[in-house]
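Chemist: next one to model:
(chains A and B)
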Amino acid sequence: MAEIVIDGVAKHFDSVEVLKHIDITIADGEFMVLLGPSGCGKTTLLRMIAGLETPSSGRILIGGTDVTALPPARRGVGMVFQNYALYPHMTVRENIALGLKVRGLSRAEIERRIEFAANLVQIREYLGRRPRALSGGQRQRVALARVIAREPAVSLMDEPLSNIDAQLRTIMRAELLRIHRAVGMTTIYVTHDQEEAMGLGDRITVMNFGHIEQIGTPDEVYGHPANAFVARFIGSPRMNLVRVEHHPGAAMVETPFLRAPVPDGVAASPKVLIGFRSEDARPGAAGEGETEVRGQVDVVEHLGAQIELHFRTEDGQEVVVRRPRGENQWREGERIVLAIPPRGVHFFDAGTGAALTVPVS
Amino acid sequence: MRERVLTTLHGFFLLLVAVLILFPFYWMIASSLKPEALIFRLPPAWLFRPDLAGYGKAVTENGIVPALVNSVVVTAGSVALGLIVGAPAAYALARYNFRGRAQIQFWYVTNWMLIPVVVLLPFYLLAADIGLINSPLALILIYQTFVVPLVVWLLVDQFAAVPVALEEAALLDGLSRFRVFTRIALPLTLPGIAVAAILAGIFAWNDLLYAFILTPSTGARTAPVVMMGFLGGYIIPWQTVMSCAVMICAPVVVGGIAIHKYIARGLTLGAVK
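Modeler: Numbering: from 1, shown residues only, chains lettered A, B, ... in the order given. The predicted structure follows:
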């Protein structure tokens, strides 16, 4: 069993604080994605779990054992690096075998494991080649096979798909899930691509500036973002956030461009961000209990099956919604009214960014 | 038209450089094959009957063959010891961050600029005290004053150019730090190591000063010292001296040609990558 517990881990390089008191518990066999913009500390955290960096404080436990002071080799972790890190002077077979030989496995066992891993990631016909003679996608598979053959309790992946082209990336994503189901290793996967995170993770840890913004299933971070950062970071197009003044205690937010009934618990904040996703909005006047947003169309962008409407509210805030192609001939300068049902409306404190309500789901 | 003029000029200059470099070699080889009387004749005798007497004398009179053997032993020993000491030192300088790292690296490089005469006397006295005079070991040790700095200087960049992720992958694969060095870093820097070995070998092979002082007895001399031996008297046997010179140069030239591709690659490897 390899549950991973990250217990109050912090890291600073000289005076720069890279990670602030991180607590995460990852269940055995779980696929956990660390997601955040570059520089948020996700890779540093991954490297500390691998043992390539030392935490400034806190503990890391793998399968109940405190590994904080253990060298990488004794932690039972395998890692797929962003640039694959295949040994260029060895064949694919030797690349996979090296870590097994070092562990003193028998020849037969090494053969068995190479067979198994090579079959799983479909690189059998390349076993005799050098990494140089492989394409990016094939190298990625070899890097995976190298980890799988070691049979570590934990596999760590540092943006493994960022160097291959978009088309292959979607194939590899499905492949990664298939392999994860087949092998069942606890996996920690670092990425800055929210779509990748949504597609792969059992749960996602959203990070920013060295701290955790939210931990949750893809559905939770998408449907119930804990704060405005997560709301903006997850989803494409991103969630619209409209800044409005609000009289504490009033039952409605009333501005010239936005009308929204205020749910319970929001009363305290005088300035709020009202958020809604494109797919929750529809053109037309608001019905009972719905939120209404008005503006003027700025740019109309054709995306194929959909068109993307950029419009501005009276005070200049931009809102983006996608609508099905052919629904209406939107023209620039035209006035637009959107209605959003209550379950699609999110309230955030404009100062702290914290979510003020949990929308009814 | 312009293009052609430039190409022609380019070719002409290359030819000029080639002649400047190759002519001394031609003169050396030709002189080793000319009887004394022909060597100084002007205009030079372009056509003559090759005469191997110089080689015969070099072998019989002063024993150039055992001297060449001594040179081989000293050179191989110097390079081997220099790599054993210098490669790990260069690796440590490239990969570890420790107090005084920059200073140590600078100290290594400046050591290479050391003027040999400065350390010659103290080292002679030391070697005499512990009975190393006339031993190849004395030369192997003193040559480290330039072999180790050269190896370190060339290899720090080579090791630094090995992607860190490769070594991290190997650490996660369970290799010890030392095995990461031998299994990953060394094989990947082999061209650079070959270049360092050849360059250090050429310096050791060509050394005259240290060898002249530290190996005075006949049996222990290296080839350049034996060649110098012919220059001692009132009459200098130029043909024999040139024959020795050819025998001393030959391995260097052959080695240089054999690895010239690596020299170009090794010296630029760290830079381009």
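Chemist: hey, let's count contacts and neighbours off CA atoms from now on
Modeler: Noted.
Chemist: quick one: mean pLDDT over stretch A:139-151.
Modeler: Mean pLDDT, computed over stretch A:139-151, is 93.
Chemist: got it, and stretch B:53-67?
Modeler: The model assigns stretch B:53-67 a mean pLDDT of 87.
Chemist: again, but for stretch A:226-235
Modeler: Per-residue scores along stretch A:226-235 average to 94.
Chemist: quick one: that stretch to chain centroid distance?
Modeler: 11 Å (C-alpha atoms, centre = their mean, to the nearest Å).
Chemist: in contact with the closest residue to A:Ala260 other than its chain neighbours, which residues?
Modeler: Distances taken as C-alpha to C-alpha, 6 or more residues apart in numbering or on different chains put A:Thr291 closest to A:Ala260, at 4.4 Å, once the chain neighbours are dropped. A:Thr291 sits next to A:258-261, A:339-342, A:345 when contact means C-alpha atoms under 8 Å, 6 or more residues apart in numbering or on different chains.
Chemist: helices of the stretch 51-200 of chain B, start to end?
Modeler: B:53-60, B:64-95, B:101-111, B:116-129, B:136-160, B:164-172, B:177-179, B:186-188, B:190-206 (DSSP state H, counting those that start in this stretch).
Chemist: other SSEs contacting the longest one?
Modeler: Think helix B:64-95. Helices and strands touching helix B:64-95, by 3 or more C-alpha pairs under 8 Å, 6 or more residues apart in numbering or on different chains; DSSP states H and E, are helix B:136-160, helix B:190-206, helix B:223-229.
Chemist: tell me which of those is the most buried.
Modeler: Each of these was assessed for mean neighbour count using mean count of other C-alpha atoms under 10 Å in any protein chain shown. The highest is helix B:136-160, with a mean of 23.
Chemist: ok, which residues in the stretch 151-273 of chain B are in contact with chain A?
Modeler: Applying C-alpha under 8 Å from any C-alpha of the partner chain, we find that the stretch 151-273 of chain B lies next to chain A at B:163, B:165-166, B:168-175, B:184, B:187-188.
Chemist: by neighbours, which of these wins?
Modeler: B:Asp173 (29 neighbours; other C-alpha atoms under 10 Å in any protein chain shown).
Chemist: ok, that residue - contacts?
Modeler: By C-alpha under 8 Å, 6+ apart, the neighbours of B:Asp173 are A:73, A:78, A:98-100, A:102, A:150.
Chemist: from the residues of the stretch 151-273 of chain B next to chain A, pick the one nearest B:Glu61.
Modeler: For those, the closest approach to B:Glu61 (C-alpha to C-alpha) belongs to B:Pro187, at 45.4 Å.
Chemist: verify the stated contact: that closest one with A:Tyr87.
Modeler: No. Using C-alpha atoms under 8 Å, B:Pro187 is not in contact with A:Tyr87, being 10.1 Å away.
Chemist: A:Val319 and A:Arg243: what is the separation?
Modeler: 11 Å (C-alpha to C-alpha, to the nearest Å).
Chemist: and whichever residue of the stretch 251-361 of chain A sits closest to chain B, how many neighbours does it have?
Modeler: Proximity of the stretch 251-361 of chain A to chain B (C-alpha to the nearest C-alpha) peaks at A:Gly353, 37.5 Å away. A count of nearby residues for A:Gly353, using other C-alpha under 10 Å, gives 17.
Chemist: and the helices of the stretch 51-200 of chain B: which comes nearest B:Thr7?
Modeler: Of all these, helix B:190-206 comes closest under C-alpha to C-alpha, at 32.0 Å.
Chemist: relative to helix B:136-160, how tilted is that closest one?
Modeler: Helix B:190-206 and helix B:136-160 are oriented at 150 degrees to each other (axes from the mean of the first three to the mean of the last three C-alpha atoms, to 10 degrees).
Chemist: what average pLDDT does the host helix or strand of B:Pro251 get?
Modeler: Using DSSP states H and E, B:Pro251 falls within helix B:238-272. For helix B:238-272, mean pLDDT rounds to 77.
Chemist: same check on stretch A:111-118?
Modeler: Mean predicted lDDT for stretch A:111-118 stands at 94.
Chemist: mind checking how far it is from the chain centre?
Modeler: The answer for stretch A:111-118 is 31 Å, by C-alpha atoms, centre = their mean.
Chemist: tell me the contacts of the residue most central in space within chain B?
Modeler: A centroid search over chain B (C-alpha atoms, centre = their mean) returns B:Ile202, at 1.1 Å, as the residue closest to the centre. For B:Ile202, the residues meeting the contact criterion (C-alpha under 8 Å, 6+ apart) are B:Val252.
Chemist: per-residue confidence at it?
Modeler: Confidence score, pLDDT, at B:Ile202: 90.
Chemist: and B:Asp173, by the same measure?
Modeler: 93.
Chemist: quick revisit: now the helix holding B:Pro251 and helix B:190-206, what's the angle there?
Modeler: Using the same axes, to 10 degrees: helix B:238-272 against helix B:190-206 is 150 degrees.
Chemist: other SSEs contacting helix B:238-272?
Modeler: helix B:2-32, helix B:36-39, helix B:53-60, helix B:136-160, helix B:190-206, helix B:223-229.
Chemist: need these in TSV with distance to A:Gly326, can you?
Modeler: As requested, the helices and strands packed on helix B:238-272 are exported to TSV (distance: least, C-alpha to C-alpha, whole Å):
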stretch	distance to A:Gly326
helix B:2-32	61
helix B:36-39	99
helix B:53-60	97
helix B:136-160	59
helix B:190-206	64
helix B:223-229	91
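Chemist: worst mean pLDDT among those helices?
Modeler: Taking the mean pLDDT of the helices and strands packed on helix B:238-272, helix B:36-39 comes last: a mean of 81.
Chemist: what packs against that one?
Modeler: helix B:238-272.
Chemist: now the helix it packs on against helix B:64-95, angle please.
Modeler: Using the same axes, to 10 degrees: helix B:238-272 against helix B:64-95 is 10 degrees.
Chemist: for chain A, what lies in contact range of chain B?
Modeler: Residues of chain A lying near chain B (C-alpha under 8 Å from any C-alpha): A:50, A:52, A:72-74, A:77-79, A:81, A:83, A:85-89, A:98-100, A:102-103, A:150.
Chemist: so which of these are in strands?
Modeler: Using DSSP state E, A:77-79 are the members of the residues of chain A next to chain B that sit in strands.
Chemist: I'd like those residues laid out as JSON lines, including pLDDT.
Modeler: Shown next, in JSON lines, are those (pLDDT from 0 to 100):
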{"residue": "A:Val77", "pLDDT": "94"}
{"residue": "A:Gly78", "pLDDT": "94"}
{"residue": "A:Met79", "pLDDT": "95"}
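Chemist: closest one to A:Lys42 out of those, please.
Modeler: A:Met79 (14.5 Å).
Chemist: which non-adjacent residue is nearest the closest one?
Modeler: Nearest non-adjacent residue to A:Met79 (C-alpha to C-alpha, 6+ apart): A:Leu156, at 4.5 Å.
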